[in-house]
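**Student:** The following comprises the amino acid sequence and a computationally predicted model.
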Amino acid sequence: MASRTRKTKKPAKAERVAFKSAYFNRELSWLAFDRRVLQQAESSRHPLLERVRFLAIVSSNLDEFFEIRVAGLMQQMDSGVTEPGPDGLSPREQLRRIHSVVASLVEDQYRCWQHRLVPALAERGIYFRSGLDLSPSELNWVRAYFREQVYPVLTPLALDQSHPFPQLGNKTLNVVVSVDDPALPGSAPLVVILPVPRILPRLVAIAPSGNGPQRYIFLSEIIKLCAGELFPGFRLLSAHAFRVTRNSDLYIDEEEAENLLKKIEEELRNLRRGAAVRLEIEEGVDDAIFTTLCTHLDLSHEYVFRLKGPLNLLRLQSLGDIDRPELKYPPFDPVNLSPLRDPARIFDVIRTQDVLLHHPYDAFTPVVDFVEQAARDPQVFAIKQTLYRTSGDSPVLRALMEASRNGKQVTALVELKARFDEANNIQWAKQLEEAGVHVVYGLVGHKTHCKLCLVVRQEGRHMRHYAHLGTGNYNQRTARYYTDLSYFTSRTTHTRDVAQVFNSLTGVARSPAFRHLLVAPFNLHRRIGQLIAREAANAAAGRPARIIAKMNALVDKAVIDALYVASQAGVKIDLIVRGICCLVPGMPGLSENIRVRSLVGRFLEHARVFYFENTGAKPVILAGSADWMSRNFFRRVEVVYPVADPALRKWITDELFPTELRDNENAQELQGNGAYRPIPRRRGERPFSAHRHFIEAARRRGAAPPAG
């Protein structure tokens, strides 16, 4: 890969730390990513139903943001924390700015829905009804639906002196109703809350009519329209849907938890009682009712959002089930033409060569085949596997259970604290244990986030190790829309260290030694710092120096500072950071040699890949599970591995990185003020999408006869 360096005077240390505003705020950078997702919903470049999906993702991201990040800031406020972070913002100031940014983002989200997507859907025969614009026949259908499906499961909960304020579940739909008694003129209205059970669909198709127009109505609209039927003898004055978001982080003292699995199960049951961190309510609610809700939820108005439309646009994801292929991305089936396409020869192939797969363009099938073949192969004695997130019908998990029943020693490291997947992982951990799998939960105080599978196979008189190291989860569903790398190898340099990782996680190891892998929390942070520093030294000495790093998030201050020093030394640095980025690019004298871009499009960019030029003699090329965040370096078990095979290294340097750095359609560049701008095109330059390029390349491979 060609290198470019720019020699500049290396400032003294005192000068380097004198810059102000050298770090973007993490939370505001998260929201900037949500803004980029919203822009996909606004863009006519994407098919209509895909734009709706992007709009729904914004709501999902904001839910997690409030459940975890805002909840944490509120706890800091309650604890009296006033110290600013590296960006100079105190928790109070962060919350103030967050409210302003979120309010603007949500307003634009609903404007996109009401004024862009709803009319566009109507033009394609997909209609969204409110209670006010139903035709007589539609109104009759809706009322019948309410009486048959909704009325029987609703329980009105009055708000008065004899009834305590109800415990409202996290992110559940509720309707607050005001009624009065016509027989008592002048009496105060009564306020009632209707919690809506999760079992009811939030988006309802009205009287499905075959090939005719498709008409939908939100469940909240049905309940508001028909709520009067729950209060015979009373008059319905108003009805408004609302939703409460609660602190959803797990707080577990693992040192004191005798049984981690049981403790997490208890915490999951308590999540519904977490402190409220956000109230979403439809616009137009009576001020007295609004104040009552805020008082009981202990929320000031800065955590309340009045919405100009239906709550929880995440529910629009169900529109993806509509059979309208012309409104979706053209179908794409990942190709399975790798050297591992024959499951029966999978170990023979890996024994002779390393294999790198690029998902979702390359099928995830060989990853599943690797575990399934290990489960059935009589020469395989042991399988060791990490599991962070997986699907409910995972063939990998089924293969592990089959292997155990076949008498093999199977060890599964299940991460019980995988955020929002805790309950799913607990269920699988129990089933694995019932099948005889040795289930362990990793290091105390650390999440096991690395993606590893190790197979021990007897070949003649020797035990040979085969390993899969990934950047993504063992989930065949998300592998269809997450971009990730899968690396298969039998190199002892790699497999010996992988075995050491498992021994450290299942046994006792204070300071394990890793010769080739970079493993957090042991040597990853130090080694990344050393690699960056070496590039800086090379540039200062006039030698070729270059850094390219692709990741999901860049937050760690020490790494950012090291990149600043490298930039000042003249190192050309390209960062492809999908989400949060706290580094400020383009600052004269500090980061003018650093360019940051984010790629948001059809697939979720999830791979972590790193390139350090090392004078060009033998560049260091790494991939793995870790972003450059403090949590990944110090509070998680992560594995980053060197890509050793020359052909695979060449593909990364000559294909992967150049393609993503060439994207001028889905990519945006981070500016020094924190805003993202589309990549400018030269006159006559055509739009180029990395996602489309890789899809077309995969289709060409699929159309050609497979190589030997």
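**Tutor:** Done, it's in.

**Student:** Quickly find the element holding P512.
**Tutor:** Assigning secondary structure by DSSP states H and E places P512 outside every helix and strand.

**Student:** Backbone dihedrals for it, please?
**Tutor:** phi -60, psi 150 (degrees, to the nearest 10).

**Student:** Please list all residues in contact with it.
**Tutor:** P512 makes contact with 500-501, 503-504, 519, 522 under the criterion Cβ atoms under 8 Å, 6 or more residues apart in numbering. (Each C-beta comes from the backbone N, C-alpha and C, glycine too.)

**Student:** where does it land on pLDDT?
**Tutor:** Listed pLDDT for P512 reads 85.

**Student:** that older thread, and the contacts of P512 as JSON lines, adding neighbour count and distance to S394?
**Tutor:** Output for the contacts of P512, formatted as JSON lines (neighbours: other Cβ atoms under 10 Å; distance: Cβ to Cβ, whole Å):
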{"residue": "Q500", "neighbour count": "18", "distance to S394": "26"}
{"residue": "V501", "neighbour count": "27", "distance to S394": "22"}
{"residue": "N503", "neighbour count": "13", "distance to S394": "25"}
{"residue": "S504", "neighbour count": "19", "distance to S394": "25"}
{"residue": "V519", "neighbour count": "24", "distance to S394": "25"}
{"residue": "F522", "neighbour count": "21", "distance to S394": "29"}
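
**Student:** which of those residues sit farthest apart?
**Tutor:** N503 and F522 (12.7 Å; Cβ to Cβ).

**Student:** Name the secondary structure element that contains S178.
**Tutor:** strand 173-180.

**Student:** next helix or strand past that strand?
**Tutor:** strand 190-195.

**Student:** now that next one: how far from the chain's centre is it?
**Tutor:** 35 Å (Cα atoms, centre = their mean, to the nearest Å).

**Student:** Could you check the angle it makes with strand 173-180?
**Tutor:** 160 degrees (axes from the mean of the first three to the mean of the last three Cα atoms, to 10 degrees).

**Student:** Past strand 190-195, which element shows up next along the chain?
**Tutor:** Following strand 190-195 in sequence, per DSSP H and E, is strand 203-205.

**Student:** How far does that next one sit from its chain's centre?
**Tutor:** Per Cα atoms, centre = their mean, the centroid offset for strand 203-205 relative to its chain is 27 Å.

**Student:** taking the mean pLDDT, what do you get for whichever helix or strand comes after it?
**Tutor:** The helix or strand immediately downstream of strand 203-205 is strand 214-218, counting by DSSP H and E. Strand 214-218 shows a mean pLDDT of 94.

**Student:** roughly how far is strand 214-218 from the heart of the chain?
**Tutor:** 29 Å.

**Student:** Next: stretch 195-207.
**Tutor:** On Cα atoms, centre = their mean, the centre of stretch 195-207 falls 26 Å from that of its chain.

**Student:** Next, the buried residues of that stretch.
**Tutor:** Buried residues in stretch 195-207, defined by neighbour count with 16 or more other Cβ atoms under 10 Å: 195-196, 202-204, 206.

**Student:** Alright, I will stop here.
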